[in-house]
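1. Predicted coordinates and the sequence they were generated for:
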Amino acid sequence: MAITQEKRNFELSKKPIEMKRIFFVAGFSLLLACSCGKALYSHYDYDEVAYFYAKQEKSLEGKDLKKLTKSYKRIVEHPKGANNVPPPGAYADYAYLLFLQGNKEEAKTYFQKEYVTYPESKVYVESLMQKLGL
């Protein structure tokens, strides 16, 4: 009878371990399912374009400036991602590129879009606009 009691105790002690495994697998599966969501923002090819210009150490002028502006235009005018808005800072970067090309009114519009979309950037963007004379 002692063997049977030991066997029963052993079987009972395995149940909490099995339950822990089930909860672990279920929790891991839930985390995995939640992490497979759509990205919040899309930067398109911004990384490659920005790296290319930074690596060349050229000042942004002429064709280079227009190419970078075109890349930003795509980011701000055709946003992708779960939020369907450009990533933080994209409007401001695009506005600055427009300012460098002399499009001051359009630049002002995009600076304002930045702090309307991301209110936490308002103080910084307004001080930048003031320094640029916008």
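-> Perfect, I can see it now.
2. Show the backbone phi and psi for residue 86.
-> Note on residue 86: its backbone torsions stand at phi -60, psi 160 [degrees, to the nearest 10].
3. Could you report the neighbour count for it?
-> The number of residues packed near residue 86 is 28, by other CB atoms under 10 Å. (C-beta placed from N, C-alpha, C; glycine too.)
4. Was I right to think it contacts residue 76?
-> Yes - counting by CB atoms under 8 Å, residue 86 does reach residue 76; the two are 4.7 Å apart.
5. now what about stretch 97-108, what contacts it?
-> Contact partners of stretch 97-108, identified using CB atoms under 8 Å, 6 or more residues apart in numbering, comprise 60, 65, 66, 68, 69, 72, 95, 96, 110, 129, 132, 134.
6. Write the PyMOL selection for whichever of the residues you listed are buried.
-> Buried residues within the contacts of stretch 97-108, by 16 or more other CB atoms under 10 Å, are selected in PyMOL with:
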select buried, resi 65+68+69+72+95+96+110+129+134
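7. Secondary structure added to the contacts of stretch 97-108, as CSV?
-> Output for the contacts of stretch 97-108, formatted as CSV (DSSP: H, G, I helix; E, B strand; the rest coil):
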residue, secondary structure
60, coil
65, helix
66, helix
68, helix
69, helix
72, helix
95, helix
96, helix
110, helix
129, helix
132, helix
134, coil
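8. Which two among the contacts of stretch 97-108 are spaced furthest apart?
-> Maximum pairwise distance in the contacts of stretch 97-108, criterion CB to CB, is 22.8 Å, between 66 and 129.
9. So which residues of this structure form strands?
-> Secondary structure of the chain (DSSP state E): no strands present.
10. what bits of it have low per-residue confidence?
-> Counting by pLDDT under 70, the ranges of the chain that qualify are 1-47, 49-50, 52-54, 56-61.
11. tell me, how many neighbours does residue 131 end up with?
-> Residue 131 has 8 neighbouring residues, counting by other CB under 10 Å.
12. Roughly how far does it sit from residue 110?
-> Residue 131 sits 16 Å away from residue 110, going by CB to CB, to the nearest Å.
13. again with residue 97
-> The value you get for residue 97 to residue 110, if CB to CB is used, is 9 Å.
14. same deal with residue 98?
-> Here residue 98 is placed at a distance of 6 Å from residue 110 (CB to CB).
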